[in-house]
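S.K.: Structure for the following, please:
(one chain, ligands or ions: 3)
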Amino acid sequence: MTPEHKAGFISIIGKPNVGKSTLMNALVGERLSIVSSKAQTTRHRILGMLNGEHKGTEYQIVYSDTPGVLLPKYELHKSMMQFVKSSLEDADVVLYVTDVFDEFEDLDFLTNWKDFTDTPILVLLNKIDLVSMEKLEEKVAYWQGIFPGKPIIPISALESVHLDQIFSHLMEHLPVHPPFFDKEELTDKPEKFFASEIVREKIFLNYKKEIPYSCEVVVTSFKEEPTILRIATEIYVERVSQRAIIIGHKGENIKKVGIQAREDLEKFFGKKVFLEQFVKVEPDWRAKTDKLRSFGYSL
Ligand code: GDP
Ligand code: K
Ligand code: MG
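M.R.: Ligands and ions are numbered 1, 2, ... in the order given. Okay, here's the model as predicted:
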């Protein structure tokens, strides 16, 4: 008799900045998804795999980190919300992430979805490291009112508090199914994707206001040599003035991004990295469907 194997898709959704990407990284134990204090950092659906054995049953959990749920303003946002919707359709369990500052908003598809879905939902109240016990109890009661009958689990993704409770619930709901992906794989995305995301994270960290939102990063060359990885990137902005800001006086700004990105790239790939960056202007790329497609968004 072959022992049963469990496998399933777990969708991580919620409003911008509640800590979805931080949570996925903590759950899979790898920095697959980029994190910043700015909303709308995550633009794609990013899968992270966790394989293991629990009480004699082997399992494969496939987490999906998704962009924060918002009302779309650009074609880019529409594509981002499409990633959220497809992730909800595939899900065996939904992790609805909120935090101690968040309130539920009537964002059209979210409200309808939560009241009519049959998919099990766990509500994760994140960032409990930032509030008192009293405030926390108040918040738990509030979220219980929004999601009647669903488990509300207070967590800290940043400090890995109560993540084991999520795991026990997931094991309960995970269907009996053979693995969906090779157990050596960490994610479904090509290495190139992570290289562009790491550069994009440094742009989110180093520039203010609309600049990070106006940027897209494309890896144009990714060459693995015996002792070094050679990566060339193009950073697209929407205006000539933004190009000047990205580059900075005597190239200072772009140099800083390059140094920080290279450090993380070397950690991620476990290898010396040579990174080249070119800054290009592509007016209104966020609103152009052909450009978005060429950047890897589906519309
Ligand atoms: P996302 O937009 O939902 O993916 O959120 P991120 O994972 O990018 O996190 C947004 C911000 O919240 C970042 O500055 C994180 O460091 C921070 N953050 C995430 N989880 C926690 C947590 O449990 N506690 C605290 N204090 N901060 C957190
Ligand atoms: K964020
Ligand atoms: Mg995110």
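S.K.: Now do the helix or strand that contains Tyr59: which elements does it pack against?
M.R.: Per DSSP states H and E: Tyr59 is located in strand 57-65. Strand 57-65 is packed against strand 5-14, helix 20-28, strand 46-54, helix 163-173, with contacts defined by 3 or more C-beta pairs under 8 Å, 6 or more residues apart in numbering; DSSP states H and E. C-beta: built from backbone N, CA, C; applies to glycine.
S.K.: Quick check: residues of the stretch 1-150 of the chain near ligand 3?
M.R.: Residues of the stretch 1-150 of the chain lying near ligand 3 by C-beta under 5 Å from the ion: 20-21, 42.
S.K.: What is the neighbour count of the closest residue to ligand 2 within the stretch 101-250 of the chain?
M.R.: Closest residue of the stretch 101-250 of the chain to ligand 2, C-beta to the ion: Phe204 (7.9 Å). The number of residues packed near Phe204 is 18, by other C-beta atoms under 10 Å.
S.K.: Am I right that it sits in a helix?
M.R.: Yes: counting by DSSP: H, G, I helix; E, B strand; the rest coil, one finds Phe204 located in a helix.
S.K.: Is it correct that it is in contact with Thr42?
M.R.: No: the criterion here is C-beta atoms under 8 Å, and Phe204 misses it with Thr42 at 10.3 Å.
S.K.: Overlap in contacts, those two.
M.R.: Counting by C-beta atoms under 8 Å, 6 or more residues apart in numbering, the shared contacts of Phe204 and Thr42 are Ile34.
S.K.: Tell me the most packed of the residues of the stretch 1-150 of the chain next to ligand 3, by neighbour count.
M.R.: Counting neighbours by other C-beta under 10 Å, Lys20 comes out on top of these with 32 neighbours.
S.K.: ok, now which ones touch that residue?
M.R.: Residues counted as contacts of Lys20 (C-beta under 8 Å, 6+ apart) are 12-14, 33, 42, 65-66, 68, 97.
S.K.: could you redo the last one with a cut-off of 6 Å?
M.R.: Each residue near Lys20 by C-beta atoms under 6 Å, 6 or more residues apart in numbering is listed here: 12, 14, 65, 97.
S.K.: Bridged to the third one, which residues?
M.R.: Just to be clear, that refers to Asp65. Taking DSSP bridges, one finds Ile12, Ile46 as the beta-bridge partners of Asp65.
S.K.: tally of neighbours for it?
M.R.: 28.
S.K.: Surely it is in contact with His44?
M.R.: No: using C-beta atoms under 6 Å, Asp65 makes no contact with His44, being 8.6 Å away.
S.K.: what's stretch 177-187 in contact with?
M.R.: 5, 7, 30, 32, 47-49, 51, 60, 62.
S.K.: any chance of those residues in TSV, plus distance to Glu238, neighbour count and pLDDT?
M.R.: Below are the contacts of stretch 177-187 laid out as TSV (distance: C-beta to C-beta, whole Å; neighbours: other C-beta atoms under 10 Å; pLDDT from 0 to 100):
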residue	distance to Glu238	neighbour count	pLDDT
His5	48	15	96
Ala7	42	20	97
Glu30	32	15	90
Leu32	28	22	93
Leu47	29	22	95
Gly48	31	25	95
Met49	35	22	94
Asn51	41	18	95
Gln60	40	22	97
Val62	35	24	96
